[in-house]
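Enquirer: just coords:
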């Protein structure tokens with residue numbers, strides 16, 4: 001019987017799918033992120049055939065060396081795989097898979113929740129009210145910004161970026177502009193969108209900038225001090241992609257000096273640490289990496305990770321093999 005190790009508690013539907021396939025499943029009994037040494041210790045003592053991992057698991061050459069000869073696949077329960085050294089996995093002869101697609105709608109919804117919340121000052125108003133400061137309606141109290149008919153800039157037109165653009169155009173009559181490494185003329189025709197050849201052109205025109213690029217060496221600190229200064233002083237920045245895409249130290253200064261109007265982010269440059277200067281600012285909303293955190297989506301992610309494992313262990317191509 002094949003043995004599967006799951007590095008942390010996940011929705012039960014994923015576990016049940018693995019068990020139904022006839023596998024023995026062992027889940028890390030401590031609901032915490034395993035250190036590299038702890039993960040390697042599990043791999044060395046367990047003789048597992050597959051490992052179901054999370055974005056918080058750092059999978060490097062040492063980990064793959066510890067798994068070599070036993071583990072056939074590391075199934076990452078995430079759409080991203082910047083936690084994985086793919087070259088090291090290939091060298092060790094171990095497959096890596098991810099879980100794309102199933103979280104698209106959920107992350108797009110959370111992106112809009114953040115966008116609307118920062119524009120309408122929802123979190124700030126909540127704190128204001130709970131602090132007993134509300135003493136009656138006032139015409140100038142906590143004035144926010146409309147999203148409808150504004151220009152929404154999409155940095156990265158993948159699955160999630162495209163869905164955010166759909167909601168912006170169809171739901172809020174927004175003008176959509178986008179930057180991506182590849183132009184999509186069919187998308188432009190469908191949504192009346194405009195392609196920007198550089199991030200700089202997009203930043204200068206947008207009322208709302210939503211980040212959806214993957215974390216790569218070329219996108220690390222894509223939003224830095226210089227590019228923040230290119231944005232309108234009335235603009236908002238939203239990031240539900242990866243934290244290191246934004247230079248958080250530069251972001252603190254931009255918010256303190258009113259370079260831009262506000263920010264809403266779900267991811268952080270050095271997770272789980274948060275740049276201290278961000279805490280306490282009124283013109284920012286912070287959520288703890290929960291953009292895909294709905295019962296429906298996390299269950300689908302767990303199932304898809306399980307399906308990748310099942311395929312690999314039955315000598316079939318995993319449906320979401322990362323190449």
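Expert: Everything's here; your move. Just so it is clear, the structure is predicted and the values come from calculations on it, not from any experiment.

Enquirer: so what secondary structure elements neighbour the lengthiest helix in the chain?
Expert: Using DSSP state H, we find that the single longest helix of the chain is helix 295-313. Packing partners of helix 295-313 (3 or more CB pairs under 8 Å, 6 or more residues apart in numbering; DSSP states H and E): helix 12-20, strand 50-53, strand 73-76, strand 95-97, helix 104-119. Quick note: C-beta positions are derived from backbone N, CA and C, even for glycine.

Enquirer: Compile those into JSON lines and extend it with columns for mean neighbour count and distance to residue 206.
Expert: Shown next, in JSON lines, are the helices and strands packed on helix 295-313 (neighbours: other CB atoms under 10 Å; distance: least, CB to CB, whole Å):
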{"stretch": "helix 12-20", "mean neighbour count": "17", "distance to residue 206": "38"}
{"stretch": "strand 50-53", "mean neighbour count": "28", "distance to residue 206": "36"}
{"stretch": "strand 73-76", "mean neighbour count": "28", "distance to residue 206": "32"}
{"stretch": "strand 95-97", "mean neighbour count": "24", "distance to residue 206": "35"}
{"stretch": "helix 104-119", "mean neighbour count": "22", "distance to residue 206": "12"}
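
Enquirer: domain parsing for the protein?
Expert: Here the domain assignment for the chain is 3-102+295-313, 104-286, based on automatic domain parsing.

Enquirer: Now tabulate those in TSV and tack on distance to residue 320.
Expert: Formatted as TSV, the domains of the chain follow (distance: least, CB to CB, whole Å):
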stretch	distance to residue 320
domain 3-102+295-313	5
domain 104-286	13
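
Enquirer: Can I get those domains in a markdown table including mean pLDDT?
Expert: Putting these into a markdown table (pLDDT from 0 to 100) gives the following:
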| stretch | mean pLDDT |
| --- | --- |
| domain 3-102+295-313 | 96 |
| domain 104-286 | 97 |
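
Enquirer: Out of those domains, the one nearest residue 321 is which?
Expert: domain 3-102+295-313 (5.4 Å; CB to CB).

Enquirer: who wins for proximity to residue 149 among the helices and strands packed on helix 295-313?
Expert: Using CB to CB, the helices and strands packed on helix 295-313 put helix 104-119 closest to residue 149, at 12.6 Å.

Enquirer: relative to helix 295-313, how tilted is the closest one?
Expert: For helix 104-119 against helix 295-313, the angle by axes from the mean of the first three to the mean of the last three CA atoms, to 10 degrees is 140 degrees.

Enquirer: what packs against helix 104-119?
Expert: Going by 3+ CB pairs under 8 Å, 6+ apart, helix 104-119 lies up against helix 159-166, strand 208-211, strand 236-239, strand 262-265, strand 284-286, helix 295-313.

Enquirer: got TSV for these, with distance to residue 125 too?
Expert: Putting these into TSV (distance: least, CB to CB, whole Å) gives the following:
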stretch	distance to residue 125
helix 159-166	24
strand 208-211	19
strand 236-239	16
strand 262-265	13
strand 284-286	12
helix 295-313	28
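
Enquirer: Dump those to TSV, plus distance to residue 54 and mean neighbour count.
Expert: Listed next are those as TSV, based on distance: least, CB to CB, whole Å; neighbours: other CB atoms under 10 Å:
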stretch	distance to residue 54	mean neighbour count
helix 159-166	19	23
strand 208-211	22	28
strand 236-239	20	27
strand 262-265	20	26
strand 284-286	21	19
helix 295-313	9	22
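
Enquirer: coming back round to it: please tabulate the helices and strands packed on helix 295-313 in JSON lines, including the columns distance to residue 164.
Expert: Below are the helices and strands packed on helix 295-313 laid out as JSON lines (distance: least, CB to CB, whole Å):
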{"stretch": "helix 12-20", "distance to residue 164": "27"}
{"stretch": "strand 50-53", "distance to residue 164": "27"}
{"stretch": "strand 73-76", "distance to residue 164": "23"}
{"stretch": "strand 95-97", "distance to residue 164": "25"}
{"stretch": "helix 104-119", "distance to residue 164": "5"}
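
Enquirer: How about the secondary structure of residue 26?
Expert: Residue 26 falls in the strand class when you classify it by DSSP: H, G, I helix; E, B strand; the rest coil.
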